[in-house]
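J.: sequence and predicted structure are below.
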Amino acid sequence: MTSQTAEPAVEQSHLGTISVIAWSGENIDDGRDMAFLLAYSLGDGSAGPEAGEKAVRLLLEQTGLPVGEGIFDASKSKEPVTLLLENGSVSLMMPSLRVQCLVPEEWTAAALKRKHAHFIFTTRPWPEGTPGVPVEAEDLKAFVGNEEVLAASAHCVIPVTTLRK
């Protein structure tokens, strides 16, 4: 007889509002444009920001996306993580989470040229990144460039798919 320990479920209400921001910029490795996608919680979950951080970390762990360990190939994750690009928006799909955001033309061009995007999912809440409110480039750079935010994030490369026509 064998026994299995069930993994704790991600408490959806603890995640709070999950938001996604897309931008493109120069990849420091090769100087070419890269499509970037950042996912984060606003920290507005039912049990507060700290519980939200734990819920995001658990979601990432269960998906197989390592936090704070460099850039990971999402095609090797335990659970599927996909990006679907269609009509100026991208849909991020992973277990327990489906989010969509509009992407600028430069993002689409970089994603299609490289056939992947650099995805960052941080456990750190960012209440200032409210959906529907424009984020200043300096504010985004300050948040994404913060060492604590980077260390508390899963970084991965995800293939970008499109619908065949």
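T.: Structure received.

J.: contacts for the longest helix seen in the chain?
T.: Ranked by residue count, the top helix of the chain under DSSP state H comes out as helix 49-63. By C-beta atoms under 8 Å, 6 or more residues apart in numbering, the residues outside helix 49-63 that reach it are 7-8, 10-12, 14-16, 41, 43-45, 66-67, 77-79, 81, 94-97, 121-125, 127, 152, 154. Every C-beta, even on glycine, is put in place using the N, C-alpha and C of the backbone.

J.: which of the residues in the helix or strand bottoming out on mean pLDDT in the chain are buried?
T.: Ranked by mean pLDDT, DSSP states H and E, the weakest helix or strand in the chain is helix 12-15, scoring a mean of 88. Residues 14-15 are the ones in helix 12-15 that count as buried (16 or more other C-beta atoms under 10 Å).

J.: still on that earlier bit, in strands, which of the contacts of helix 49-63 appear?
T.: 41, 94, 97, 121-122, 154 (DSSP state E).

J.: got a ChimeraX select line for the buried ones in those residues?
T.: A single ChimeraX command selects the buried members of those (16+ other C-beta under 10 Å):
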select :41,94,97,121,122,154
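
J.: got the ones in strands among the contacts of helix 49-63 as JSON lines, with pLDDT columns?
T.: Formatted as JSON lines, those follow (pLDDT from 0 to 100):
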{"residue": "Ser41", "pLDDT": "95"}
{"residue": "Met94", "pLDDT": "90"}
{"residue": "Leu97", "pLDDT": "88"}
{"residue": "Phe121", "pLDDT": "96"}
{"residue": "Thr122", "pLDDT": "97"}
{"residue": "Ala154", "pLDDT": "96"}
